[in-house]
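Enquirer: pasting the structure only:
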């Protein structure tokens, strides 16, 4: 990678330039101080922009910049809005406002895409030329098949895959640079975060995956009388085209329309909570983006879920960890909450556990004594994640998605039925999970797995001991000790020793010139202004020392 920019693909240079210009335009030129990329502005301007970082409009300017950067960055911003473990609430709230509405592509292009995917437009009795929705990733049209079945056609925007691939490569390259040049980038393993977001975005681009997600939800709720999931038409679906059964209903947030239709809002709220906990507790597969536009209400207060591009998966172990956290919260047990969070977190070995427990205790006081019906689980979990972020604890993406989903759904539920308690309704599911954890079958399985692990360990032990003894006998056994902050300490000691040397030199010059003049017997030396020269030299060096101290910010 011989380029000065550190860019791996020369073809990315035009896009790099475009990204840089847009970020600079919106006041984010300071970003490039972190990377060895050519700066199109001077140092003075960079420092001025850097001062704007903490301004009240920073989050808003970031949102506007992402919208201008295009679909990849809009989607990344929307995905980041589900990650309170990475961004603070002010950024989360602003990124939730990201809009990806774009002008629709023509009906002729739609037909070309269908033909390119082996779908004959003649198989449809009617395709509405006006899109139902047009976004940066896809466009949706109503249609009717020859079988008279009403469907919706979701078509991927032409050329979007190549744009997204280039942008994701650029983001990955920048994340690797950030890991090399910043403590924050290294701690959060920024390249892994970018890869998580990239994987989520690639999943949204792949309509085959969305079709499989939709089919899984359809199967899970096939026998549920209160939930409807659209059916996938596999014969007409591909990576670029998704055709689903059209299920019409009233938008769940259109409260006036629900009232006019005679819907029971309390029953809708209860059905929503029931569907939510079934997804998490029973199936371990939940809708990660249940905003009001993706949920509708049909006749009989049945819920309809749309758009399965973003889903979350919670395995058995993760569910049990989440249950431990919720149980600790409900019992106001600081130690249990702290242990559960540390167990969930990724790489929490360097956390100051005593300070962390104190912060958990302070948060616990906020909820102590409140009836469970008055506690909002989503909000409480969000505050715990904010606390984890303060202590630089990186949490799994699934937990962040789950918390975000809870907060979204809880807001809807509160508006539908202010009296309902999500905690009370969660109790039967939690009890069922606890019973399952300590059931005879589960204990037998856990003991069996534990015995197999120990058996494998004992079988490998003689061989490993033999290897260690051979290394000792050959004198090749080495112990490696590594101190994470040793390099930083060495650097600080170098700076301190240099400054101390300068201070000694200054003092020596002042004292030395004075002694020389005092002892000089030569008429020539007494004529020279040695004291003045020495004093001025000491002043210059002293000013330099003061400047370096002020510049470093450590004085």
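Expert: Looks like it came in fine. Keep in mind the model is a prediction, meaning the values are calculated, not measured.

Enquirer: avg pLDDT for stretch 225-236?
Expert: Mean pLDDT, stretch 225-236: 94.

Enquirer: can you mark which positions in that stretch are buried?
Expert: Applying a neighbour-count criterion of 16 or more other Cβ atoms under 10 Å, one finds 226, 227, 228, 229, 230, 231, 232, 233, 236 buried in stretch 225-236. No exception for glycine: its C-beta is placed from N, CA and C like everyone else's.

Enquirer: phi, psi of residue 282?
Expert: As for residue 282, its main-chain torsions (degrees, to the nearest 10) stand at phi -90, psi -40.

Enquirer: pLDDT score for it?
Expert: For residue 282, the model assigns a pLDDT of 84.

Enquirer: rewinding a little: out of the buried residues of stretch 225-236, the closest to residue 123 would be?
Expert: Closest approach to residue 123 among the buried residues of stretch 225-236 (Cβ to Cβ): residue 236, at 7.3 Å.

Enquirer: number of nearby residues for residue 94?
Expert: 21 (other Cβ atoms under 10 Å).

Enquirer: doesn't residue 62 make contact with it?
Expert: Yes. Counting by Cβ atoms under 8 Å, residue 62 is a contact partner of residue 94 at 6.9 Å.

Enquirer: residue ranges with poor pLDDT in the stretch 151-300 of the chain?
Expert: Counting by pLDDT under 70, the ranges of the stretch 151-300 of the chain that qualify are 184-185, 187-188.

Enquirer: all helices of it, in order?
Expert: Secondary structure of the stretch 151-300 of the chain (DSSP state H, counting those that start in this stretch): helices located at 160-181, 183-187, 190-205, 207-220, 255-260, 265-277.

Enquirer: among the ones you listed, show me which one is buried the most.
Expert: Mean neighbour count (mean count of other Cβ atoms under 10 Å) peaks for helix 265-277 among those, with a mean of 20.

Enquirer: that one to helix 207-220, inter-axis angle?
Expert: 110 degrees (axes from the mean of the first three to the mean of the last three Cα atoms, to 10 degrees).

Enquirer: residues in contact with helix 265-277: which ones?
Expert: Helix 265-277 has contacts (Cβ atoms under 8 Å, 6 or more residues apart in numbering) with 221, 224, 226-227, 252, 255, 258-259, 286, 290, 295, 297, 301-303, 305, 405-406, 409, 412-413, 416-417, 419-420, 422, 425-426, 429.

Enquirer: any of those buried? List them.
Expert: Neighbour-count burial (16+ other Cβ under 10 Å) applied to the contacts of helix 265-277 gives 221, 226-227, 252, 258, 286, 290, 295, 297, 301-303, 305, 405-406, 409, 412-413, 416-417, 420, 422, 425-426, 429.

Enquirer: which ones among these are found in strands?
Expert: Of these, the ones assigned to strands by DSSP state E are 227, 286, 295, 297, 302, 303, 305.

Enquirer: between those, which sits nearest residue 67?
Expert: Nearest to residue 67 among those, counting by Cβ to Cβ, is residue 295 at 25.2 Å.

Enquirer: measure the closest one to residue 412 for me?
Expert: 8 Å (Cβ to Cβ, to the nearest Å).

Enquirer: which neighbours do the two share?
Expert: Residues touching both residue 295 and residue 412 comprise 252, 272, with contact defined as Cβ under 8 Å, 6+ apart.

Enquirer: quick one on the thing from earlier: what is the nearest of the buried residues of stretch 225-236 to residue 67?
Expert: Nearest member of the buried residues of stretch 225-236 to residue 67, counting by Cβ to Cβ, is residue 230, at 29.7 Å.

Enquirer: would you map out the domains in the chain?
Expert: Following automatic domain parsing, the chain resolves into domains at 10-99+186-197, 101-185+198-247, 252-433, 439-480, 486-552.

Enquirer: comparing those domains, which gets the lowest mean pLDDT score?
Expert: domain 486-552 (a mean of 64).

Enquirer: all strands of the chain, in order?
Expert: Applying DSSP E to the chain gives strands spanning 124-127, 133-134, 138-145, 150-156, 227-228, 241-245, 250-251, 285-287, 295-298, 302-305, 311-313.

Enquirer: a markdown table for the ones you listed, including distance to residue 111?
Expert: Formatted as a markdown table, the strands of the chain follow (distance: least, Cβ to Cβ, whole Å):
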| stretch | distance to residue 111 |
| --- | --- |
| strand 124-127 | 8 |
| strand 133-134 | 16 |
| strand 138-145 | 11 |
| strand 150-156 | 10 |
| strand 227-228 | 30 |
| strand 241-245 | 11 |
| strand 250-251 | 30 |
| strand 285-287 | 31 |
| strand 295-298 | 29 |
| strand 302-305 | 28 |
| strand 311-313 | 30 |
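
Enquirer: what's the closest of those to residue 183?
Expert: Using Cβ to Cβ, the nearest of those to residue 183 is strand 311-313, at 29.7 Å.

Enquirer: and the closest one, which strands flank it?
Expert: According to DSSP bridges, strand 311-313 forms sheet pairs with strand 285-287 (antiparallel).

Enquirer: OK, contacts around residue 429?
Expert: So residue 429 contacts 277, 280, 281, 282 (Cβ under 8 Å, 6+ apart).

Enquirer: ok, those residues vs residue 355, which is closest?
Expert: Among those, residue 280 lies closest to residue 355 (Cβ to Cβ), at 31.4 Å.

Enquirer: the closest one against residue 313, yeah?
Expert: No. Under the criterion of Cβ under 8 Å, residue 280 makes no contact with residue 313, lying 10.5 Å away.

Enquirer: and residue 111, how many neighbours does it have?
Expert: Residue 111: 16 neighbours (other Cβ under 10 Å).

Enquirer: which residues does the residue lying closest to residue 221 once chain neighbours are set aside form beta bridges with?
Expert: Distances taken as Cβ to Cβ, 6 or more residues apart in numbering place residue 227 nearest to residue 221, at 4.3 Å, with adjacent residues excluded. Per DSSP bridges, the residues bridged to residue 227 are residue 303.

Enquirer: thinking again about what came up before, could I get the contacts of residue 429 as CSV with distance to residue 66?
Expert: Rendered in CSV, the data for the contacts of residue 429 read as follows (distance: Cβ to Cβ, whole Å):
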residue, distance to residue 66
277, 34
280, 30
281, 35
282, 37
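
Enquirer: spatially central, which residue of the chain would that be?
Expert: residue 83 (3.8 Å; Cα atoms, centre = their mean).

Enquirer: could you find the closest non-adjacent residue to that one?
Expert: Nearest to residue 83 is residue 400, by Cβ to Cβ, 6+ apart, at 4.8 Å.

Enquirer: from what I can see the one you found touches residue 388, true?
Expert: No. Using Cβ under 8 Å, residue 400 makes no contact with residue 388, being 10.2 Å away.

Enquirer: list the contacts of the nearest residue to residue 154 once chain neighbours are set aside.
Expert: Nearest residue to residue 154 in three dimensions, chain neighbours excluded: residue 242, at 4.2 Å (Cβ to Cβ, 6+ apart). Going by Cβ under 8 Å, 6+ apart, residue 242 touches 153, 154, 207, 210, 211, 232.

Enquirer: how about the third one, nearest residue that isn't a chain neighbour?
Expert: Just to be clear, that refers to residue 207. Closest to residue 207 by Cβ to Cβ, 6+ apart is residue 242, at 4.0 Å.

Enquirer: residue 59 versus residue 421, what's the distance?
Expert: 33 Å.

Enquirer: kindly report the same for residue 147.
Expert: Separation of residue 147 from residue 59 (Cβ to Cβ) stands at 49 Å.

Enquirer: so the two - more neighbours on which side?
Expert: Counted by other Cβ under 10 Å, residue 147 and residue 59 do not tie: residue 59 has more neighbours, with 18 against 9.

Enquirer: show me the contacts for that one.
Expert: For residue 59, the contact set (Cβ under 8 Å, 6+ apart) comprises 90, 91, 93, 94, 95.

Enquirer: one more time with 7 Å, if that's ok
Expert: Neighbouring residues of residue 59 by Cβ atoms under 7 Å, 6 or more residues apart in numbering: 90, 91, 94.
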